[in-house]
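Colleague: Sequence below, structure please.
(one chain, ligands or ions: 1)
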Amino acid sequence: MSVTMSAIEQLSSLSIEEASALLRKRELSSRELTEACLQRIESSDEAVGSFLEITAELALEQAGRADQRLAAGDDVCALTGIPVALKDIFLTKGVRTTCASRLLENFVPTFDSTVSERLYQAGAVLVGKVNMDEFAMGSSCENSALGNTRNPWDQQKVAGGSSGGSAACIAARQVLGSYGTDTGGSIRLPASYCGITGMKPTYGRVSRYGVIAFASSLDQVGPLATTVRGAAALLETVAGHDRRDSTSIKEPVPDYLGLLEGGVEGMRIGVPRQYFVEGIDPQVASAVHAALARFEELGAQIIEVDLPHSEYAVATYYLVATAEASSNLGRYDGVRYGIRRGGDGALLDMYGATRNAGFGTEVKRRIMLGTYVLSAGYYDAYYLKAMKVRTLIRRDFLRAFEQCDVIAGPTSPGTAFELGSRTADPLAMYMSDVLTISVNLAGLPALSLPCGADSHGMPVGLQIIGKALDEASVFKTAAAYEASTDWHHRLPEISS
Ligand code: GLN
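Modeller: Residues are numbered from 1 along each chain as shown. Reported below is the predicted structural model:
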């Protein structure tokens, strides 16, 4: 039994690139790999709680088809035969999609998101849908109405959010790759808390078609994996223009995997003085400083840069994001999607009863805030002002990037916190994103990868931010760091 168990763990611990090499050589089949992942989920998910839905039947069928494709040897790409999970915000035809909300508890989409469609075309294997904060609003995954996700490194701690399930399932080695969405940090923060790599691409790089909308001018899809190369493969597979999303970028997608090597020799890495402010955990600061020193050893030049409007990012975000959310969530009225309550009464009563029963506290708070800042009397004072500050934040980055190629700093001021410790204090929760949010306001690509651990062994994340459309430099910088350290090899011990 223990021999089989360790074989399962070894298989599900493979990186995407290692597994792909074995699949291509036919030394491993996608079916074996998928079965190992399903067993790993079974043995560890009671402790971790990543999954809302496990699509075992679909996965085995897709694995069978991937094996045929691998045997034929043609049309094989980086993800052919690779088991992945999707945040439950992506519409998946015939597979329940809840956004972790009571409102959509039994919602089964009739069409696929562009992301799931492209994954299926590539021959990837969908193992299931993973937990998140309800409608992606949160930083800890504790706002899910449908499940509790715990940090694989310490099950008393949060996995981070909102893509908590997407990060936990990678850290727990339950699947090889996953996708999340990042509106204010929701990929990078849980990646940092769970000790893995997560990337938010440039706004518009990946289609939002079939992704349940939170704040449409900020939402962006991105990958999570144990390695930088894995994340690059995941992104390359789904990125690129889609006529069904008018904000998706028409530019061709660079060959991220091909541009990954090359190192940081001669690169200029900007470090914002505002990112090491008061309130940052000294252990996080020292791990990140050590990573910066490593970059210097690798031949990069470290330059201090200024992002003077950083202190307004959280306030600006909570005006823009809530305004957009209040509008986007208007569609959940009990008529078109999800549950319906009070259907026998007057129409307005039915709306009220449905929304009251369907939405959790945080979602209601956002809708009220957003409705308020958009109301006639307050629009100029709040929403319009926030839009102006957003422009200033974007300009800060443009100016900083005149002096450097990428920007680096911590992903979050701290490591994963105790479950329940911030649920009663929304502001404390919002501040977890203080170092990730401005990147969304500016629409830039950014990645988090592990660069250390605190005295309790909890992972520390290093954030690397790029110029618009320059995910390639972000990946290259991250890959150079990863190649010179072992943090990505560290494995959590999950007591089940
Ligand atoms: N934590 C932030 C929020 O609650 C960001 C969430 C996200 O990126 N989806 O809005």
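Colleague: Spit out the contact partners of the spatially most central residue of the chain.
Modeller: Centroid-nearest residue in the chain: residue 187, 2.3 Å away (criterion: CA atoms, centre = their mean). By CB atoms under 8 Å, 6 or more residues apart in numbering, the contact list for residue 187 reads 163, 166, 167, 180, 181, 198, 199, 200, 222, 223, 224, 448. From N, CA and C alone the C-beta is placed, and that goes for glycine too.
Colleague: can you list the residues of the stretch 1-150 of the chain near the ligand?
Modeller: 136, 137, 138, 139 (CB under 6 Å from any ligand atom).
Colleague: Make a markdown table from the residues you listed and add pLDDT to it.
Modeller: Output for these, formatted as a markdown table (pLDDT from 0 to 100):
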| residue | pLDDT |
| --- | --- |
| 136 | 98 |
| 137 | 98 |
| 138 | 98 |
| 139 | 98 |
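Colleague: Taking the contacts of residue 187 together, which two end up most distant?
Modeller: The distance between the two most remote of the contacts of residue 187 (CB to CB) is 14.7 Å, for 181 and 448.
Colleague: higher neighbour count, the two?
Modeller: Using other CB atoms under 10 Å as the criterion, residue 181 and residue 448 rank with residue 448 on top: 36 against 27.
Colleague: isn't the more buried one right next to residue 408, touching?
Modeller: No - contact between residue 448 and residue 408 fails when scored by CB atoms under 8 Å: they sit 10.8 Å apart.
Colleague: between these two, what contacts are shared?
Modeller: Common neighbours of residue 448 and residue 408 (CB under 8 Å, 6+ apart) are 462, 463, 464.
Colleague: and residue 245, what is it in contact with?
Modeller: 114, 204, 207, 208, 209.
Colleague: Below-threshold pLDDT in the stretch 351-496 of the chain: ranges please.
Modeller: Applying pLDDT under 70 to the stretch 351-496 of the chain picks out residues 496.
Colleague: one more time with 80
Modeller: The model of the stretch 351-496 of the chain has pLDDT under 80 over residues 495-496.
Colleague: Any idea how many residues pack against whichever residue of it sits closest to the ligand?
Modeller: Nearest residue of the stretch 351-496 of the chain to the ligand, counting by CB to the nearest ligand atom: residue 433, 4.7 Å away. Number of residues near residue 433 (other CB under 10 Å) recorded here: 26.
Colleague: mind listing the helices in the stretch 1-150 of the chain by residue range?
Modeller: 2-12, 16-24, 30-48, 56-72, 114-122 (DSSP state H, counting those that start in this stretch).
Colleague: if we can go back for a sec, quick check, the residue of the stretch 351-496 of the chain closest to the ligand in contact with residue 190.
Modeller: No - contact criterion CB under 8 Å: residue 433 and residue 190 do not qualify, at 11.2 Å.
Colleague: what does the stretch 301-450 of the chain put close to the ligand?
Modeller: 321, 433.
Colleague: Please report the distance of the nearest residue to residue 334 once chain neighbours are set aside from residue 236.
Modeller: Nearest residue to residue 334, sequence neighbours excluded (CB to CB, 6 or more residues apart in numbering): residue 354, at 3.3 Å. For residue 354, the distance to residue 236 equals 41 Å [CB to CB, to the nearest Å].
Colleague: just residue 203 next, same as before
Modeller: The gap separating residue 203 from residue 236 is 18 Å, by CB to CB.
Colleague: ditto for residue 224
Modeller: In terms of CB to CB, residue 224 sits 15 Å off from residue 236.
Colleague: With neighbour numbers in mind, choose between those two.
Modeller: residue 224 (33 against 22).
Colleague: So what pairs up with that one in the strands?
Modeller: In this entry, residue 224 is beta-bridged to residue 178, residue 198, by DSSP bridges.
Colleague: begin at 54 from here
Modeller: With 54 as the first residue, the last one maps to residue 277.
Colleague: Around the ligand, pick out the residues from the stretch 204-353 of the chain.
Modeller: The stretch 204-353 of the chain comes close to the ligand at residues 215, 235, 236, 237, 238, 239, 267, as judged by CB under 6 Å from any ligand atom.
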